[in-house]
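Novice: Give me a model of this one.
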Amino acid sequence: MSKKLEHKVEDFLKTRYIDGINFSGDGSKIAFGISRVYKEFKAEEGKEIIVLSVKNGEQKLFSHVEWSNFVPKLSSTGMKLAYISKKEEEYRLFICDLPKGTEEEIVLHERAENLEWDGEDSVIISILDGDPKKEEKKEGRDGYFFEETPRFTSLWRYQLGSGFQRITKGVQVWEFNVNEGMVAAVTSALPYEWSWYEAELSVIDLKDFKIKKVYSRKNRQVAKPRLSPDNRRLIFLESLWSDRGVTSGDIIDLDLKSGKAENITRGESESFSEMQWKSGKEFYALSNKEGTFSISKFQGNRRKRLWSKYGAVHNPWSPSFSISGDVAAVSFESSKQPNELLLIDLKSKREKVLTNVNKHLENCKSYSSEKVKWRSYDGLEIYGIFRSAGKKTPLMVIIHGGPTSFSPDSFIGLSTLYLSKGYSVFLPNYRGSVGKGREYAEKNLGDMGGGDLQDILSGIDFLVKNNGIDRRNIFITGGSYGGFMSAWAITQTDIFKGAIALFGISDWISFHGVSNLPTWDRIHYDEDPYLFKRFLKFSPLWYVDKVKTPILLAHGIDDPYVPVGQFHQFYRALKDKGKDVRLLLFPREGHGFREKKHIEQYYEEVFKWLKARS
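Specialist: This is a model prediction of the structure:
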């Protein structure tokens, strides 16, 4: 047996992830997407689509060179496949007749985001409204008044053989579900990114296209609406969330006739992320309890757990599954197993791996991973993951973003790249994370940077006491909210030997003014930002005099969520005060680094920086 190899950046870059899993209604086929962790310079993200036969395992690839292909959806009979392709600003809808092997290409004149089948001969698709000043802009007359010309994402029906028909107008549709002549959608009055935090649930009759608002909650968000087969009930997710699309919370059951809504998972110590109806009275749900994922069947308030496994169901920020009969399909990985498509017989509990997209990782080492729990300053139980590189090795504390997200168990990624360099790794799922129920996920309301930082510090104390960690050799890193926390932590404690902060917030006041998410911070801090209390109290920029820790900052210059100015001003303040700081900037990058050469350069600079300070 050959010796397993340490992980390298090139191994990580070769990794493929399976997402968008979709069973055909008859259970004969599964469609899914395969994506890479990077994109080439001046190219689209490499996303391909596969349709797999459940019976014989045969796979057929659907891909258009230099185009990104996504949201594959099979019709109920499994005879047809629909998906969207993108190249720069061009979008196409493809509809394939699988038995005939034919493909229809429909040109879309604006950005398309999602689609669902409505029967066998029509597709409901969400498309951005056209720009009325498009021709003027081509001639250079492209000045505009900020937030005064809203462009909505609207629903359209494409009828095979007869073309498009508009369903909605003047209302923003963020996501939707189709069932037997009805659409359930997450909608808002305005289309700006911050509008999602004030969204509500609506139902749309596909006979007359009338929209009826059926549910809304102040300062809580909704997602994943799922209509029952008889269109009498609507189940959906609800919680306090920090990012659109990062949605795990409680399941709400809404009677559409009476308008009565019931939280059927109230008080559960786990987070739910996807549901699928089995009948008018039963549905399946996927949940996460401290990194153990389960599929359960609900009938009313009765629940039966059918399958559980520790690891990570993809996408980790919004785990999902697809079911046909008593067979489920999930995209799964763990510290012992790279990401692949897993088929689960919910009756026998038998599992079968259907793909081998990460065959190249079979010679890579599987690093140890241990779930740890500890008590924070106020007695609250916190959980996380500890991955040891050996006694007395330096510790890298990796803080996840969100904060309404979590750090999962994984085979390869940021944590294993540090492990390969001899760093033990700690991934705390502090209060505000998912995986312990909605109450736990909402415990940082009004206190981002308070109790959650104490959770992280108490977790480090736990590891020093119980896992042989050297308190003098600890580093911290993270992106987005993790970038904020890495910057914030070194203004509040000197425990860290170094910090690496990625695209994080340094000043909540200026962030509120320039980010496209000004509703989120107001809701999460539970305060008017112009009171200048909590927004200043938790801003790292206001404490730069206290910083003694060397810090490496990294940011994409086109980030709309956390604009690069957040780290420009933090860098300048630290530099003016004579602190040890560097700022690494990446052109063309948004909220995260996607270009291959940028990812390679980032890790090269990080490990060089760490070596100089270890």
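
Novice: what about residue 245, how many residues close to it?
Specialist: By the criterion of other CB atoms under 10 Å, residue 245 has 12 neighbours. Where you see a C-beta, it was placed from the backbone N, CA and C, and this is true even at glycine.

Novice: Hmm, residue 573 is touching residue 544, no?
Specialist: Yes: using CB atoms under 8 Å, residue 573 is in contact with residue 544, at 4.5 Å.

Novice: Let me see the contact set for the most centrally placed residue in the chain.
Specialist: Nearest to the mean C-alpha position of the chain, by CA atoms, centre = their mean, lies residue 317 at 3.1 Å. Each residue near residue 317 by CB atoms under 8 Å, 6 or more residues apart in numbering is listed here: 243, 245-246, 405.

Novice: which of those residues lies closest to residue 184?
Specialist: residue 245 (17.3 Å; CB to CB).

Novice: mind checking how far the closest one is from residue 35?
Specialist: Separation of residue 245 from residue 35 (CB to CB, to the nearest Å): 15 Å.

Novice: show me the contacts for residue 360.
Specialist: Counting by CB under 8 Å, 6+ apart, residue 360 has contacts 11, 14.

Novice: and if you look at residue 486?
Specialist: Contacts of residue 486 (CB under 8 Å, 6+ apart): 399, 476-478, 499-502, 504, 551.

Novice: Can you tell me what sits against the longest helix seen in the chain?
Specialist: With residue count as the measure and DSSP state H as the assignment, the chain has helix 596-613 as its longest helix. Helix 596-613 is contacted from outside by 9, 13, 37-41, 417, 421, 475, 497-498, 500, 550, 552, 554, 582, 584, 586, 589, 593, using CB under 8 Å, 6+ apart.

Novice: Going by neighbour count, which of those are buried?
Specialist: 37-39, 417, 421, 475, 497-498, 500, 550, 552, 554, 584, 586, 589, 593 (16 or more other CB atoms under 10 Å).

Novice: got any ranges where this protein has weak pLDDT?
Specialist: 1-2 (pLDDT under 70).

Novice: Report the angle between the longest strand along it and helix 596-613.
Specialist: The single longest strand within the chain, with elements called by DSSP state E, is strand 29-39. Here the directions of strand 29-39 and helix 596-613 differ by 60 degrees (axes from the mean of the first three to the mean of the last three CA atoms, to 10 degrees).

Novice: which residue packs closest to residue 116, ignoring adjacent ones?
Specialist: Sequence neighbours aside, residue 178 is the residue nearest to residue 116 in space, at 4.1 Å (criterion: CB to CB, 6 or more residues apart in numbering).

Novice: and that neighbour, which of the three is it?
Specialist: strand (DSSP: H, G, I helix; E, B strand; the rest coil).

Novice: distance of it from residue 73?
Specialist: For residue 178, the distance to residue 73 - CB to CB - is 10 Å.

Novice: What of residue 322?
Specialist: 11 Å.

Novice: anything in contact with each of the two?
Specialist: residue 22.

Novice: where exactly do the strands run in the stretch 151-300 of the chain?
Specialist: 153-159, 163-166, 172-179, 182-188, 200-205, 211-215, 221-227, 233-239, 250-255, 261-263, 271-277, 282-289, 292-299 (DSSP state E, counting those that start in this stretch).

Novice: quick one: which of the ones you listed is nearest residue 22?
Specialist: The nearest among the strands of the stretch 151-300 of the chain, by CB to CB, is strand 271-277 at 10.9 Å.

Novice: Now do the domain split for this structure, please.
Specialist: According to automatic domain parsing, the chain comprises the domains 17-108, 110-131+147-216, 370-613.

Novice: right, so the ones you listed: which one is the most enclosed?
Specialist: Mean neighbour count (mean count of other CB atoms under 10 Å) peaks for domain 370-613 among these, with a mean of 20.
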